[in-house]
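A.B. asks: Could you work out the structure for the sequence below:
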Amino acid sequence: MSHQNYGLISIDTGYFVPLQRIDVQVSINGLIASVKSELHYVSDKDENTETVFVFPLDSDAAVYEFEAEIDGKTIVAEVQEKSQAKETYQDAVASGYTAVYMSEADNAGDTFRLKLGNLPAKAAARLTLRYVQEVDVSSDKIGTFMLPRALNPRYVPKCSSQNSPSDASFRIHTIQSGVTYCPDFTMNLNAVIAGGTRMVDLTTKWEFDVLAEKMDEMISSSKQLDNGIDFSIVLHYKGFEQPGVVLETGSADKNNPFLSTDVLMVNFSPNFENLENQVPCEFVIIIDCSGSMMGSRMEKAKETLLLILKSLPVNCKFTIIRFGSSKYDENSLKVAMQLQKNLQADMGGTEILKPLENVFKNRLSGCHSRQIFLLTDGAVYNVPELVQLVRKQKNTRVFTFGMGDGCSTELIRDVAKAGNGKATFVKDSDRLQSKVMSVLKASIQSEITDVTLTWSLPTGCTAINVPENVPAIFDGEMFILYCIISGNVEESLFGKSSVVLTGHAGDKTLDYKMNFVLGSKKQTDADNLYPIHRLAAKASLTEMEISNVKESLMVSLSTTTNITCKYTAFVGVDKHSKGIVAKGFSVKKQTEKGDYMAYLAKNLAMRKKPTERFYGVEERTQTSTSDTCLSSVMMQLIEIQAFDGSWQLTDNFSKILGNTMEQLRRESPVADIDIWATALAVAFLRKNFLEQREEWEMVEEKALKWLSTKTNDGKDVLQEASKILS
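C.D. replies: Coordinates of the predicted model:
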C-alpha cells in the first residue's frame, strides 16, 4: 500500500526539513488518554524558508495546545476564526516575523496542516502539541488507544461535489514520496497507565491489564517505534462493571464561559430487560474492493463475509454490493457464497458515495430495518457528503469498519455517528472476524430511539447534556456522556445523585437508572489542563458539524476552549512581537459573533422534556502458523454449514473432524445422522476454538435452534458428541 507522506516540507522548493526525533508521552487514566507530542527538526538551508507540516491525527482527538520553539524562541499559538488566522499569519510572514499556523485540512478532519513561516537558516525547531481523546472500548471491555503514524492518500470520487484541496501545501504534500529522516532518527514512546499491570510487548502494540482497584498505582513503559506504522495501546479493563463518575471543577477564570463551568463525565453499561434481540432486518454488506485491499485485508474480508452469511438470522434479508437484494434462503446463500469466494481487490479507488446512494434508493420492505456494514481501508475527500446522506435515512443503522494502518478515522467515526451505529478499527495484526461478529450481535438488537436523560442532582443544580443529543446506545456496552452542571456545586451539597435513561424499542418503553455519588475531582497540575472539559467540547463540536449547526456557534465554542474545528485554526507569532496579532497587522474581516453558552441555555429553556435523540512483562509472538491453520479448519467447518444451521455427515465433514465417515456414523446414538453431525460440529467448535468463540457464537446459536426442533430419541447428543471428540 502506498502511504501518503507527512513531515515538514518547504513550500517553495518541496524540500523536506529533516526530522531528527519524535517524543510522544501518553498518559491513560481510566477512559481518557492525554498525549504530548514533540517533533524535533533541523534546517540545513542557508536562507529563511516557509514550510508546511502534514500529519495524521484521530478525528476524535481534542487538540488544545500548540507551540513551536525555534532557536530558543517560543511561539504559543491560539485558536482564531480560520480566515482571521490566515490573515494574521500571512501579515506576520510578510512583515518578517516568524509565525505558525495550524488547522484541520479543509476536507479531511483527521489530517492537520501546519505552516511555519520564516524558519531561520540553520535553525532547529521543536513543535509541540497536546491533545486528549477517549479510549475506544469494545463490547468485551477491551479499550484501544491508537497513535496514528500512517496517512493514506485521499480518493476524490468523480461523482463527488467536493473538490480536492488546491492549496500549494497540499499539492507538495501529495507529490512527495515519504518523510525525510535524519540518519539517526528515532521515535520514542513513553506511556503511563493508571491501574496497569502485566504488560505484553508486541511490535505494533502494547497490551495491559487495567485493574479498577489499583487506579492509584501507575505502570510506565518506553519503546522506540518503527517508522510509518500505527501503534496501539490495548487495555483489558477488569473490575469496571460499576458506573464511573467524575466531576471536573471549572477554572477560576470567569471570563471563559465554558472552562469556568463544572463538567460531569459519566460512563456505564446499561442493561435493558425484555429487549428483543432478533428483530427483522435487511443487512447490507459493502466491502471495499479497491486496490489497497489486496492481500491479507481482502482475505480477512472474505472470511468475515463467510461468518456473517452463516450467522444471519433466518427471518432476514441481505444485500452484498455488486450482488442483488435477496431473501435469506438456501438458494440465495449459495449464490452469495460463490461471490464470497471470488472477491478480489480489483476496483481502483475507494468510491463509497455511489454504492450508498444506490442502497438508499431501494425502499425497505415491511417491518424490516436496514443494517449496513461498511468495511474499508480507504479515505475519501467527500466525508461531509457521505455523512449528510447517511443522516437523512430513517430506520437505518450504519456500522463502519476501518481496516489497516492509515485508514481515515473521520470517515469511519463520523459515518457511524450519523448512522446511529458503531465505529470499529482493525489493525493489520488484529482479527477482523471477531470484531465484526461482535457488531453483528449488536445490529440485531432493537434500535433504542427517542432517548431522554433525566438527571437528579443537588438542589440548585441543572444538567445540560453535551452533546445535546444522546449518542447511539447498545445493550450492555460501555456508554460515555458529559453534562455541564449549571449552578453552584458546593461541597456541602455533594451526595447521592442519579440519571435515568429512557427510550423506546419498537412499542416497548425501556429505562435504566444509574445511581452515583456526586463528588469533586481533585485537581493536579495535569488536571489543570481540563481534559474532561476539552472532551465535552470536542463531542459538542463534532455533533454540531454533523448536524450543520450555525458556523458562528462552532467558532464561539472552538475559540473559547482553544480546540480547533473546521472553521478555526491555531495561529501564533514570535512572542517578541506585541501580542498574538502584532503591531502592523490588522484583521479586516469581522465574522458574525456566536455565543455557544447562550445557545445551550436557550435550548435548555425551550426544551419541554430532557434531551431527545431521534434515532511484569510477558513476551508474546504474533499469530503463529499453527494458529492460522486452526483458524482455517474452523472456517472450513463453518463454510459447509447448511442454511438452516445444520451439518451433514459427508466425507469433507469427516476429514475436517479428523475421522472417517464410517467411524462417525457407527458412533451415532440417534437414527437421524444430520442431528449427529450437527452435534459433532458444535462440540468440535467448543473443544478446539474456545478463544475464537465470539466469531462462531451465532453460528452455534443457529445450530442449537435447529437441534431444538428435532427429536433426539431421548439422547443428549451434544454430551455424546463431546465424549467422542475428547
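
A.B. asks: need the strands for the stretch 251-400 of the chain, in chain order.
C.D. replies: 262-268, 281-287, 317-320, 323-327, 369-376, 396-403 (DSSP state E, counting those that start in this stretch).

A.B. asks: how much space between the nearest residue to Cys407 once chain neighbours are set aside and Ser632?
C.D. replies: Closest residue in space to Cys407, ignoring its immediate chain neighbours: Asp377 at 5.3 Å, by Cβ to Cβ, 6 or more residues apart in numbering. For the C-beta atoms, the positions are set from N, CA and C on the backbone; glycine is no exception. Distance of Asp377 to Ser632, computed by Cβ to Cβ, to the nearest Å: 23 Å.

A.B. asks: Settle it for me: which of the two has more neighbours?
C.D. replies: Taking neighbours as other Cβ atoms under 10 Å, Asp377 and Ser632 compare with Asp377 leading, 25 against 11.

A.B. asks: So the more buried one sits against Gly295, correct?
C.D. replies: No. Using Cβ atoms under 8 Å, Asp377 is not in contact with Gly295; the gap is 10.7 Å.

A.B. asks: Near Glu241, how many other residues are there?
C.D. replies: Using other Cβ under 10 Å, Glu241 has 10 other residues around it.

A.B. asks: Now do the same contact list for the closest residue to it other than its chain neighbours.
C.D. replies: What sits nearest to Glu241 in space, not counting adjacent residues and going by Cβ to Cβ, 6+ apart, is Ser269, at 7.4 Å. Contact analysis of Ser269 by Cβ atoms under 8 Å, 6 or more residues apart in numbering lists 241, 476-479.

A.B. asks: Cys465 and Cys483 touch, don't they?
C.D. replies: Residue 465: Asn, not Cys. Yes. The criterion here is Cβ under 8 Å, and Asn465 meets it with Cys483 at 5.3 Å.

A.B. asks: show me the contacts for the nearest residue to Gly239 once chain neighbours are set aside.
C.D. replies: The shortest distance from Gly239 to any non-neighbouring residue, by Cβ to Cβ, 6+ apart, is to Ala212 (3.4 Å). Ala212 makes contacts with 195, 237-240, 242, as judged by Cβ under 8 Å, 6+ apart.

A.B. asks: quick one: which of the residues you listed is nearest to Ala61?
C.D. replies: Set against Ala61, the nearest of these by Cβ to Cβ is Tyr237 (20.9 Å).

A.B. asks: So what touches the helix or strand harbouring the closest one?
C.D. replies: Under the criterion of DSSP states H and E, Tyr237 resides in strand 231-238. With contact meaning Cβ under 8 Å, 6+ apart, strand 231-238 is reached by 26, 28, 33, 135, 137, 141-147, 149, 189, 191, 193, 196, 204-212, 225, 427.

A.B. asks: what about dumping the CA coordinates of stretch 261-268 to PDB?
C.D. replies: Output of stretch 261-268 as PDB, limited to C-alpha atoms (Å, rounded to 0.1, in the frame of the first residue of the first chain):
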ATOM      1  CA  THR A 261     -18.200  25.700  34.400                       C
ATOM      2  CA  ASP A 262     -18.200  22.300  36.200                       C
ATOM      3  CA  VAL A 263     -18.400  19.300  33.800                       C
ATOM      4  CA  LEU A 264     -19.600  15.800  34.700                       C
ATOM      5  CA  MET A 265     -18.300  12.700  32.900                       C
ATOM      6  CA  VAL A 266     -20.400   9.500  33.400                       C
ATOM      7  CA  ASN A 267     -19.700   6.100  32.000                       C
ATOM      8  CA  PHE A 268     -21.800   3.000  32.400                       C
END
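
A.B. asks: ok, and for that stretch, which residues are buried?
C.D. replies: Using 16 or more other Cβ atoms under 10 Å as the burial criterion, the residues of stretch 261-268 that qualify are 261-268.

A.B. asks: Any regions of the stretch 601-726 of the chain where pLDDT drops low?
C.D. replies: Across the stretch 601-726 of the chain, the ranges flagged by pLDDT under 70 are 601-631.

A.B. asks: which of Asn465 and Cys483 has more neighbours?
C.D. replies: A count of neighbours by other Cβ under 10 Å puts Asn465 above the other of Asn465 and Cys483, at 24 against 21.

A.B. asks: separation between the more buried one and Ser552?
C.D. replies: 21 Å.

A.B. asks: So Ser27 sits against Ser34, correct?
C.D. replies: Yes. Ser27 is within contact range of Ser34, at 4.7 Å (criterion: Cβ under 8 Å).

A.B. asks: now Phe516, which residues is it bridged with?
C.D. replies: Phe516 has the following beta-bridge partners by DSSP bridges: Ser497.

A.B. asks: can you tell me which residues contact it?
C.D. replies: Residues near Phe516 by Cβ under 8 Å, 6+ apart: 243, 245, 266, 496-499.

A.B. asks: ok, now with 6 Å
C.D. replies: Phe516 sits next to 243, 245, 497 when contact means Cβ atoms under 6 Å, 6 or more residues apart in numbering.

A.B. asks: And Lys310, by the same measure?
C.D. replies: Neighbours of Lys310 in contact, by Cβ under 6 Å, 6+ apart: 638, 641, 699.

A.B. asks: now with 8 Å?
C.D. replies: So Lys310 contacts 638-639, 641, 699, 702 (Cβ under 8 Å, 6+ apart).

A.B. asks: roughly how far apart are it and Lys705?
C.D. replies: Separation of Lys310 from Lys705 (Cβ to Cβ): 13 Å.

A.B. asks: Also Phe425?
C.D. replies: 32 Å.

A.B. asks: what's the answer for Asp110, then?
C.D. replies: Applying Cβ to Cβ, one obtains 42 Å for the distance of Asp110 from Lys705.

A.B. asks: which one of those two has more residues nearby?
C.D. replies: Between Asp110 and Lys705, Asp110 has the larger neighbour count (other Cβ under 10 Å), namely 24 against 13.

A.B. asks: The more buried one falls within a strand, correct?
C.D. replies: Yes. Counting by DSSP: H, G, I helix; E, B strand; the rest coil, Asp110 is part of a strand.

A.B. asks: isn't it right next to Val63, touching?
C.D. replies: No. Counting by Cβ under 8 Å, Asp110 stays clear of Val63, with 11.4 Å between them.

A.B. asks: between these two, what contacts are shared?
C.D. replies: Joint contacts of Asp110 and Val63 (Cβ under 8 Å, 6+ apart) are Leu57.

A.B. asks: out of the buried residues of stretch 261-268, which one sits closest to Leu518?
C.D. replies: Among these, and counting by Cβ to Cβ, the member closest to Leu518 is Leu264, at 7.7 Å.

A.B. asks: picking up where we left off before, save the strands of the stretch 251-400 of the chain as CSV, and put in mean pLDDT too.
C.D. replies: CSV is the format used below for the strands of the stretch 251-400 of the chain (pLDDT from 0 to 100):
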stretch, mean pLDDT
strand 262-268, 88
strand 281-287, 86
strand 317-320, 83
strand 323-327, 43
strand 369-376, 88
strand 396-403, 89
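
A.B. asks: any chance of these in a markdown table, plus distance to Tyr530?
C.D. replies: A markdown table is the format used below for those (distance: least, Cβ to Cβ, whole Å):
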| stretch | distance to Tyr530 |
| --- | --- |
| strand 262-268 | 8 |
| strand 281-287 | 40 |
| strand 317-320 | 46 |
| strand 323-327 | 50 |
| strand 369-376 | 35 |
| strand 396-403 | 29 |
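
A.B. asks: chain center to stretch 127-141: distance?
C.D. replies: With Cα atoms, centre = their mean, to the nearest Å as the basis, stretch 127-141 stands 9 Å off its chain's centre.

A.B. asks: what does stretch 116-135 give?
C.D. replies: 26 Å.

A.B. asks: quick one: buried residues of it?
C.D. replies: Using 16+ other Cβ under 10 Å as the test for burial, stretch 116-135 gives 116-120, 123, 125-135.

A.B. asks: Summarise which helices and strands the lengthiest strand in the chain is packed against.
C.D. replies: Longest strand in the chain, counting residues (DSSP state E): strand 181-194. In terms of contacts (3 or more Cβ pairs under 8 Å, 6 or more residues apart in numbering; DSSP states H and E), strand 181-194 is packed against strand 19-29, strand 205-211, strand 218-224, strand 231-238.
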